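> the following comprises the amino acid sequence and a computationally predicted model.
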Amino acid sequence: MRVVVAEDLYLLRDGLVRLVEAYGHEVVATAATGPETLDALLRWRPDVAIVDVRMPPTQSDEGLRAALAARRELPGLPVLILSQHVDQLYARELLADRAGGIGYFLKESVFDADQFVDALARVAGGGTAMDPAVIAKLLSSGSSNRGLDRLTEREQEVLGLMAEGLSNQAIAQRLFLSDSAISKYTTSMFGKLGIVDDDNNNRRVLAVLTYLNKP
Amino acid sequence: MRQLGSWVASACVGFGRACVALVVAMLVPAVWAAAVGLWLWWGGNPWSWIAPFVWASIGTLVLARPVCRMVRSLVARWTGTVIPAGYRQAGPVTRLSTGYWWNGYSYSRTSRDARKDQRMRLWWGDPATWRDLRFTVLAPVAVGVVAAVPPAGVAGAVLGFAQPTLAARVFGVLCAAVAVGSAPYAWRLVGPVAGRLLRASPAMVLTDRVAELTAQRADTTVAQAAEIRRIERDLHDGAQARLVALGLSLVIAEKVLDADPEQAKAMLREARAGAATSLTELRELVRGISPPVLTERGLVDAVRSLALDSPLDVAVSADLELRLDPPIEAALYFGITELVTNAVKHAEATTARISIALVDTDIVVDVEDDGRGGADVLAGGGLAGLRRRLAAFDGTLEITSPAGGPTNARMAVPCESS
């Protein structure tokens, strides 16, 4: 994969570049400010970009704005947002265009390099990958009036993992269950929530996130 | 006919008021007149004036404040104008561990002595005392003379009609005319005169403001120091300790790497988990100091984010494009957080409405919930703390919360838009 890394702190940027390269991917450009990020994204059109939220010159949400602006120019441009904190507001903004190719993670998610690069690849393939912390927030907000309390505990667990972006197979591995057990859960879950099932995993994850994203 | 009736009524009311104003204004001159009378009655002795003079002086000092209070209450009742008195308030008298009483100025053996001493010092040091004295000296001339016209007219009329001569009767008629004509107006001078002479002087207003600001500054300093101590403690017991443990894990891993690779791996996993936990703790700490969304997006988006995370169904409406000063933003944000938390915890509300608007030069934030109400600003409580924090920006907090709900809290802070 061709990757752009946008992060203002040198040590972190360097670490991310080395991590990505250690897995055999190519870092085509790095950026340390908001405008540089936008520039790099538009010029290099990477397979996926890793973007920090807070960057110079204003030290506000420059990175997020740059990523959103780039995705307006190039719809579906895969971007994985990496931040010290996750916020529902930002998650909703990122998911609003329903184009896929979005990841939103806490910085410490890189501690598990295998899973992180996995998520990166999923985003590059047009999928969605969310930090468990983001999903926990989406699941907890106003849960009673959206019918989530009708799900069994296990179904909620499966829904959360699916919203993180995992495929049925990956969920089965994570929960030590069989694939068929998972598809049984998903069928009953979608029935209760009224989500139309889709064989394509990316589209299905998007449907789940869209459902969770409803105000 | 009706006009005549109302005029007669206003003349009667005016006559009564003029008499009351005259009596109040002439209380102190009456004391002095009595003293002079006493002196004349004793007569002869060249030192006999001293005792009446001292009594009259004491009487003036004692009467000054009651006279002014009476005038203030009369003006408030007659014209509806409230004249702020601006007297200094007594501070608390506290018992020290030594058994002595401290009244803010000096130590005394008993609480009674302490209070007496405090009253004297307050009275003596209060600029309002001197203003009251000045008023009691000026009032007989400024108010008394005019207020005396209707009663004097009546007295003249009575005297005139008592005499059988024509001239006296004419004099009586004239006096009656003056009394009736002046009655509706003679008392009206009390309002403007009292408003001018009894109001707190600019110096007094400034003194009060300085005292208020000094108290606020002390509050802020204390709060800030406590906050810094809390942050220090959190870092010391949390992140710092964890980083030490993390370093230790790495050292051990390095030591046993060759001899026992399995244990080395376990230590490294432990180090990774420790780093993740420290990050979580630091994130919580940062949220408490200044929520990242507030720094990155400003008040409105931070409140929207708060609404999304809240268990309540919260609607946010805001017509505020500008960014405020960071300290004001933070104070309002944490104020809203506290009010929403109260709605969840105490009012058991299910929905809340937050609106943020710029009204003239004030930022006005309304937080309304559908809970059971009954919220009150108690001394030392959370709402009192919130009010104090807003006061540091000259802001205000008003709570309307009848029992049974709903609760409406309004925070207003003046702002120079930036």
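In hand now; what should we look at? Numbers count the residues shown, from 1 in each chain, chains lettered A, B, ... in the order given.
> how near is the residue in the stretch 101-250 of chain B positioned nearest to chain A to B:Arg65?
Taking C-beta to the nearest C-beta, chain A has its nearest neighbour within the stretch 101-250 of chain B at B:Leu246, 11.9 Å off. C-beta: built from backbone N, CA, C; applies to glycine. Taking C-beta to C-beta, to the nearest Å as the criterion, B:Leu246 is separated from B:Arg65 by 71 Å.
> and for A:Ser141?
A:Ser141 is 61 Å from B:Arg65, by C-beta to C-beta.
> then A:Leu166?
80 Å.
> more crowded one of the two?
A:Leu166 (25 against 18; other C-beta atoms under 10 Å in any protein chain shown).
> what ranges does the stretch 201-350 of chain B have for its helices?
B:202-235, B:241-256, B:261-289, B:292-297, B:299-309, B:326-345 (DSSP state H, counting those that start in this stretch).
> in CSV: the ones you listed, plus mean neighbour count and mean pLDDT.
What follows is the helices of the stretch 201-350 of chain B, written out as CSV (neighbours: other C-beta atoms under 10 Å in any protein chain shown; pLDDT from 0 to 100):
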stretch, mean neighbour count, mean pLDDT
helix B:202-235, 12, 86
helix B:241-256, 15, 88
helix B:261-289, 15, 89
helix B:292-297, 22, 90
helix B:299-309, 21, 91
helix B:326-345, 19, 91
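> interface residues of chain A facing chain B?
Listed as neighbours of chain B in chain A under the rule C-beta under 8 Å from any C-beta of the partner chain: A:53-54, A:59-61, A:84-85, A:87-90, A:92, A:106-108, A:111, A:137, A:140-142, A:145.
> can you turn the buried part of those residues into a PyMOL selection?
In PyMOL, this line selects whichever of these come out buried by 16 or more other C-beta atoms under 10 Å in any protein chain shown:
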select buried, chain A and resi 53+54+60+61+85+87+88+89+90+92+106+107+108+111+137+141+142
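> narrow the residues of chain A next to chain B to those in strands?
For those, membership in strands holds for A:Leu106, with DSSP state E as the criterion.
> any low-confidence regions in chain B?
For chain B, applying pLDDT under 70 flags the ranges B:1, B:44, B:416-418.
> the longest helix in it is where?
Longest helix in chain B, counting residues (DSSP state H): helix B:2-42.
> that helix packs against which elements?
helix B:50-79, helix B:127-139, helix B:145-147, helix B:149-162, helix B:166-186 (3 or more C-beta pairs under 8 Å, 6 or more residues apart in numbering or on different chains; DSSP states H and E).
> tell me which stretches of chain A form strands.
For chain A, the strands defined by DSSP E cover A:2-6, A:26-31, A:48-52, A:79-83, A:102-106, A:128-130.
> most tightly packed of those?
Sort the strands of chain A by mean neighbour count, taking mean count of other C-beta atoms under 10 Å in any protein chain shown, and strand A:48-52 sits at the top with a mean of 28.
> with only the CA atoms kept, save that one in PDB.
Below are the C-alpha coordinates for strand A:48-52, written out as PDB (Å, rounded to 0.1, in the frame of the first residue of the first chain):
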ATOM      1  CA  VAL A  48      -4.600   5.100   2.800                       C
ATOM      2  CA  ALA A  49      -3.600   8.000   5.000                       C
ATOM      3  CA  ILE A  50      -2.900   8.100   8.700                       C
ATOM      4  CA  VAL A  51      -3.900  11.500  10.000                       C
ATOM      5  CA  ASP A  52      -3.600  13.100  13.500                       C
END
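> list the contacts of that strand.
Here strand A:48-52 makes contact (C-beta atoms under 8 Å, 6 or more residues apart in numbering or on different chains) with A:1, A:3-9, A:12, A:16, A:20, A:37, A:40-41, A:63-64, A:66-67, A:70, A:77-83, A:101, A:120-121, A:123-124.
> give the bridge partners for the residue most central in space within chain A, please.
In chain A, the residue lying closest to the centroid (C-alpha atoms, centre = their mean) is A:Gly103, at 2.1 Å. In this structure, A:Gly103 bridges to A:Leu80, A:Ala129 when assessed by DSSP bridges.
> dump the residue contacts of it.
Here A:Gly103 is in contact with A:Pro78, A:Val79, A:Leu80, A:Ile81, A:Ala119, A:Leu120, A:Arg122, A:Val123, A:Thr128, A:Ala129, A:Met130, A:Gly165 (criterion: C-beta under 8 Å, 6+ apart).
> may I see the residues you listed arranged in CSV, with pLDDT as well?
Shown next, in CSV, are those (pLDDT from 0 to 100):
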residue, pLDDT
A:Pro78, 95
A:Val79, 96
A:Leu80, 96
A:Ile81, 95
A:Ala119, 93
A:Leu120, 94
A:Arg122, 92
A:Val123, 94
A:Thr128, 90
A:Ala129, 92
A:Met130, 92
A:Gly165, 86
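> re earlier: for B:Asp362, find the nearest of the strands of chain A.
The minimum distance between B:Asp362 and the strands of chain A falls on strand A:79-83, with 34.3 Å, by C-beta to C-beta.
> may I have the closest one as PDB, with CA atoms only?
Extracted C-alpha coordinates of strand A:79-83, given in PDB (Å, rounded to 0.1, in the frame of the first residue of the first chain):
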ATOM      1  CA  VAL A  79      -8.300   8.000   5.900                       C
ATOM      2  CA  LEU A  80      -7.500   6.600   9.300                       C
ATOM      3  CA  ILE A  81      -7.800   9.300  12.000                       C
ATOM      4  CA  LEU A  82      -5.500   8.800  14.900                       C
ATOM      5  CA  SER A  83      -6.100  10.900  18.100                       C
END
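> domains in the chain, as residue ranges please.
With no chain named, the answer covers chain A. Domain assignment for chain A by automatic domain parsing gives A:2-133, A:142-213.
> correction: the question concerned chain B.
Domain assignment of chain B by automatic domain parsing yields the ranges B:2-83+B:127-200, B:90-125, B:204-289, B:292-414.
> gap between the two ends of the second one?
Yep, that's domain B:90-125 we're talking about. Terminal residues of domain B:90-125 lie 12 Å apart, using C-alpha to C-alpha, to the nearest Å.
> what comes up buried for it?
Buried positions in domain B:90-125, judged by neighbour count with 16+ other C-beta under 10 Å: B:Val93, B:Trp101, B:Trp102, B:Asn103, B:Ser108, B:Ala114, B:Asp117, B:Gln118, B:Arg121, B:Leu122.
> who's sitting farthest from the centroid in chain B?
Ranked by distance from the centre of chain B (C-alpha atoms, centre = their mean), the top residue is B:Ala259, with 73.8 Å.
> so which elements touch the worst-scoring helix or strand of chain A on mean pLDDT?
Taking mean pLDDT, DSSP states H and E as the measure, the helices and strands of chain A show their lowest mean at helix A:201-213, namely a mean of 77. Helix A:201-213 sits against helix A:88-95, strand A:128-130, helix A:132-140, helix A:153-164, with contacts defined as 3+ C-beta pairs under 8 Å, 6+ apart.
> could you redo the last one with a cut-off of 10 Å?
Contacting helix A:201-213 under the criterion 3 or more C-beta pairs under 10 Å, 6 or more residues apart in numbering or on different chains; DSSP states H and E are the following elements: helix A:88-95, helix A:113-124, strand A:128-130, helix A:132-140, helix A:153-164, helix A:168-175, helix A:179-193.
> next, the buried residues of that helix.
A:Asn201, A:Asn202, A:Arg204, A:Val205, A:Leu206, A:Ala207, A:Val208, A:Leu209, A:Tyr211, A:Leu212, A:Asn213.
> nearest to chain A within the stretch 1-150 of chain B, name that residue for me.
For the stretch 1-150 of chain B, C-beta to the nearest C-beta, closest residue to chain A: B:Pro92, 45.0 Å.
> now do the same contact list for the closest residue in space to that residue that isn't next to it in sequence.
With C-beta to C-beta, 6 or more residues apart in numbering or on different chains as the criterion, B:Pro92 has its nearest non-adjacent residue at 7.8 Å, and that residue is B:Gly104. Contacts for B:Gly104 (C-beta atoms under 10 Å, 6 or more residues apart in numbering or on different chains) come out as B:Ala90, B:Gly91, B:Pro92, B:Val93, B:Thr94, B:Ala114, B:Asp117, B:Gln118, B:Arg121, B:Leu122.
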